[in-house]
Every structure is written in C-alpha cells, then in structure tokens.
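Got a sequence here, can you model it:
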Amino acid sequence: MLDRPHLKDHLWARLVDPTSKQELAAAAEVAPELLHVDSLSWTTPAARAAQEALLQISLNNQDWVDVKDPAADSSFGYYASPHVTAISPSYGHVKAAKGVTVELSGTGFECFDDTCSDL
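The predicted structure is shown next:
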C-alpha cells in the first residue's frame, strides 16, 4: 500500500484506444496489496482483436492520466490468439533428431507490427 492516507490508497487502471481514447474494457481498481509507490500489478482485460492500447491511471476513477513511453503512442499491445487446427507430424519420438520441423496450421498467427517478424 502507498501508506499515504490523503490518497486513501486507491488507484484505477484501464486500457483505451490510443487514437479515440474509447475504453477497451471497464476500468478496474488495483488491489491495495498490488499497489506500491513505484509499481502496480493488475490483470489486463481481454481484447476482441489484435490492437494497440494506451494505459491510463486515475486516483478517483474520473480524471485519467496517460501512462506511456514518450516516443510511442501506446503502452500495451494485444496480439490475436492463434487457433491451431493441425500439427504435422502429429506424432514422433520423444527424443527426435535435431532439426526436425514441426508445422502448425490454423488462424490468428498474424502480427500487427514488426515486433514478431523473427517468428
């Protein structure tokens, strides 16, 4: 906890669209035991699609402040959840020879920026 009674140890966090500032999910109060002077922990809400998001925090759940790297427009990125429909080969030795390629087929493997170009 912050141990500053004038703040009442309350902090809310939310993710918004970086451009429109529309909420991507409802704001959530950070649990007091996860709130520290220099950090906070909270579970990010689920997203409907791969997208960039901007973290905002508030001490009163009304006035919001952006939390981001000054060089970026966002502070968090959601990636699409992949859906695996096939694995080839579908069986093999536990101690397979090195260099064996396993292919995954499905959807949702796309990357919306260049941070996963090496995958």
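
which strand in the protein runs the most residues?
strand 51-58 (DSSP state E).

Direction included, what does it pair up with?
Its sheet considered, strand 51-58 pairs with strand 12-16 (antiparallel), strand 65-67 (antiparallel), strand 76-78 (antiparallel) by DSSP bridges.

between those, which one is nearest to residue 110?
Among the strands paired with strand 51-58, strand 76-78 comes nearest to residue 110, with 12.3 Å by CB to CB. Where you see a C-beta, it was placed from the backbone N, CA and C, and this is true even at glycine.

beta partners for residue 88?
Under the criterion used (DSSP bridges), residue 88 bridges to residue 103.

Quick check: end-to-end length of stretch 64-72?
Criterion CA to CA, to the nearest Å; first-to-last residue distance in stretch 64-72 is 18 Å.

Contacts for that stretch, please.
For stretch 64-72, the surrounding residues in contact (CB atoms under 8 Å, 6 or more residues apart in numbering) are 14, 16, 54, 55, 56, 57, 58, 74, 75.

For residue 24, see how far away residue 101 is.
When CB to CB, to the nearest Å is applied, the distance between residue 101 and residue 24 equals 37 Å.

All good on my end, thank you.
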